[in-house]
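**Student:** let's see this in three dimensions:
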Amino acid sequence: SRAKGKLDEAGAWYRKALEIREALARETGTVQARRDLSLSYERLGDIRKAEGKLEEARAWYRKSLEIREVLVWETGTLQARRNLSVSYERLGDISRAEGRLAEAKEWYQKAMELREVLARETGTVEARRDLLVSYSKMGNISQAEGRLAEAKEWYRKSLEIQEDLARETGTVEARRDLLVGYSKMGDICRTEGKLDEAKVWYQKAMEIAEALARETGTVEARRGLSVSYDNLGYIIYAEGMLFEAKEWYQKALGICEALARETGTVEARRDLAVSYEKLGDISRAEGKLSEAKGWYQKSLELSEVLAEETRTVQARRDLAVIYNNLGEISIAERKLSEAKEWHLKSLEINEALARETGTRESLDDLAVDCYNLGTLESNTAAERIGYLNRFMELSKTLYTATNMPRYQQFIQLGEQELAKLVPPAEPD
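**Tutor:** Numbering: from 1, shown residues only. From the prediction side, this is the model:
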């Protein structure tokens, strides 16, 4: 693909630079030569991360980290400490992509601690921006763990700096950071079921996204706009306004198709797969099953390729979601044996992800699979009871860990379904 070609080309240049920098670091051993070498290692890690090759990316980032830890010990300069914070953050990103949230949190905390000191010492735009990124990443971890109040607090801390920097500098970067901050607040409100609040945050984000896309036309700005359209589509869909939601999703799709054509990156192709899926959801809600299946199949084609190419947690989860959606279509079409096949494919992936990561999201996905198979009429009563008991067990674990109303509702659903299958005990 064009994206792979560009990454290969960039990788080739970085390797040429690496050869020179390794030689200079060996010959001179100066701080500057070693700093440059650490940057080469980091850039090669970035290439591997963009390709979804997380283990290789981690290896490059660790080589960069080793140099930077020594340079901080030797020099203690602002630049050396900032570079070390970047290494910690990069390794946190890898751990998070693999679903290792506790490990990611440790790396992000190390980066944040350095950045809080640097922001206090210097007060520069760069130091404050680094700090807001750390706060946002800590919020991402809290949100993934289901700690919504904690996540909201991190995002608010990040947003305070984002608003200050956008006001002070007005740069494209500062305004883009601000739109991300508004989107994060919208995401939290949405997860809490506060759709009106979420819509306000998403609209604030969209106003900035539209301005940036008009002003710059960059891939990043256009992607930001597609995400804003998608977010507003989700809220309007949840409000039951299917026609209006479809319009937002189609606006997002137009951008995603163009970016996938232009760049071919993993991110662009994933965005396109998600757009197809969202339009499938609308068609399904409208009762247009054949049309919904068409959208889901388009998403499936991309998702299978991405899961095979990258093997990341995100790519495999995306694939499980599509299998699940196709299972729901098969149920609606009364093709129950076909539905079971789709749901079992989803279950296989989600069981693996729950084993590997143990995150709230992975356990939630696994619980949904168990519910779907537990309510599938073509399964035997014993099979259904087995799946529903597992669903109940997972739901209780999740409710205890998070206290989220979603899991209280899961428990009630499970009790209702089991009551249909298990007759009440006879009184003595």
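
**Student:** residues in contact with stretch 38-54?
**Tutor:** Contacts to stretch 38-54, defined as Cβ atoms under 8 Å, 6 or more residues apart in numbering, come from residues 4, 7, 10-11, 14-15, 17-18, 21-22, 56-61, 63-64, 67-68, 71, 83, 86-87, 90, 93-94, 97-98, 265-266, 306, 309-312, 315. (Glycine included, C-beta is placed from N, CA and C.)

**Student:** of those residues, which belong to helices?
**Tutor:** Using DSSP state H, 4, 7, 10-11, 14-15, 17-18, 21-22, 56-61, 63-64, 67-68, 71, 83, 86-87, 90, 93-94, 97, 266, 306, 309-310, 315 are the members of those that sit in helices.

**Student:** buried by neighbour count, from those residues: which ones?
**Tutor:** 7, 11, 14, 17-18, 21, 57-58, 60-61, 63-64, 67-68, 71, 83, 86-87, 90, 93-94, 97, 266, 306, 309-310, 315 (16 or more other Cβ atoms under 10 Å).

**Student:** can I assume residue 296 is in contact with residue 276?
**Tutor:** Yes. With contacts counted by Cβ atoms under 8 Å, residue 296 reaches residue 276, the gap being 7.3 Å.

**Student:** burial check on the closest residue to residue 59 other than its chain neighbours, number of neighbours?
**Tutor:** Distances taken as Cβ to Cβ, 6 or more residues apart in numbering place residue 45 nearest to residue 59, at 7.8 Å, with adjacent residues excluded. Around residue 45 sit 28 other residues, with neighbours defined as other Cβ atoms under 10 Å.

**Student:** separation between residue 22 and residue 157?
**Tutor:** Residue 22 is 40 Å from residue 157, where distance means Cβ to Cβ, to the nearest Å.

**Student:** before we move on, what about residue 133?
**Tutor:** As for residue 133, its distance to residue 157 is 12 Å (criterion: Cβ to Cβ).

**Student:** out of those two, which sits in the busier spot?
**Tutor:** Higher neighbour count among residue 133 and residue 157: residue 133, with 22 against 17, using other Cβ under 10 Å.

**Student:** and that one, its phi and psi?
**Tutor:** With angles defined as degrees, to the nearest 10, residue 133 sits at phi -60, psi -40.

**Student:** so for stretch 344-355, mean pLDDT?
**Tutor:** Taken as a whole, stretch 344-355 has a mean pLDDT of 96.

**Student:** how about stretch 179-193?
**Tutor:** 94.

**Student:** how far off centre is that stretch?
**Tutor:** 14 Å (Cα atoms, centre = their mean, to the nearest Å).

**Student:** same check on stretch 340-349?
**Tutor:** 22 Å.

**Student:** what are the buried residues along it?
**Tutor:** 340, 342-343, 345-347, 349.

**Student:** of these, closest to residue 170?
**Tutor:** residue 349 (45.0 Å; Cβ to Cβ).

**Student:** just the element for the closest one, please.
**Tutor:** helix 336-357 (DSSP states H and E).

**Student:** only alpha carbons, please: show the helix or strand harbouring residue 252 as CSV.
**Tutor:** Residue 252 is part of helix 242-263 when elements are defined by DSSP H and E. What follows is the C-alpha trace of helix 242-263 in CSV, where atoms were taken according to Å, rounded to 0.1, in the frame of the first residue of the first chain:
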residue,chain,number,x,y,z
LEU,A,242,-31.8,7.8,12.7
PHE,A,243,-32.1,9.9,9.6
GLU,A,244,-30.0,12.7,11.2
ALA,A,245,-27.5,10.3,12.6
LYS,A,246,-27.1,8.7,9.2
GLU,A,247,-26.3,12.2,7.8
TRP,A,248,-23.5,12.7,10.3
TYR,A,249,-22.1,9.2,9.7
GLN,A,250,-22.1,9.8,6.0
LYS,A,251,-20.2,13.0,6.4
ALA,A,252,-17.6,11.1,8.5
LEU,A,253,-17.5,8.3,5.9
GLY,A,254,-16.7,10.7,3.0
ILE,A,255,-13.6,11.9,4.9
CYS,A,256,-12.6,8.4,6.0
GLU,A,257,-12.8,7.1,2.4
ALA,A,258,-10.6,9.9,1.1
LEU,A,259,-8.0,9.5,3.9
ALA,A,260,-7.8,5.7,3.4
ARG,A,261,-7.3,6.3,-0.3
GLU,A,262,-4.7,9.0,0.2
THR,A,263,-2.7,7.4,3.0
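
**Student:** helices or strands up against it?
**Tutor:** With contacts defined as 3 or more Cβ pairs under 8 Å, 6 or more residues apart in numbering; DSSP states H and E, the secondary structure elements packing on helix 242-263 are helix 2-28, helix 219-238, helix 266-285.

**Student:** so residue 379: helix, strand or coil?
**Tutor:** coil (DSSP: H, G, I helix; E, B strand; the rest coil).

**Student:** worst-scoring helix or strand of this protein, pLDDT-wise?
**Tutor:** Least confident helix or strand of the chain, by mean pLDDT, DSSP states H and E, is helix 2-28 with a mean of 76.

**Student:** what's the following helix or strand after that helix?
**Tutor:** helix 31-50.

**Student:** residues in contact with the helix holding residue 349?
**Tutor:** 98-101, 313, 316-317, 319-321, 323-324, 326-328, 330-331, 362-363, 365-366, 369-370, 372-373, 376-379.

**Student:** show me what secondary structure element comes after it.
**Tutor:** Using DSSP H and E, the first helix or strand after helix 336-357 is helix 360-374.
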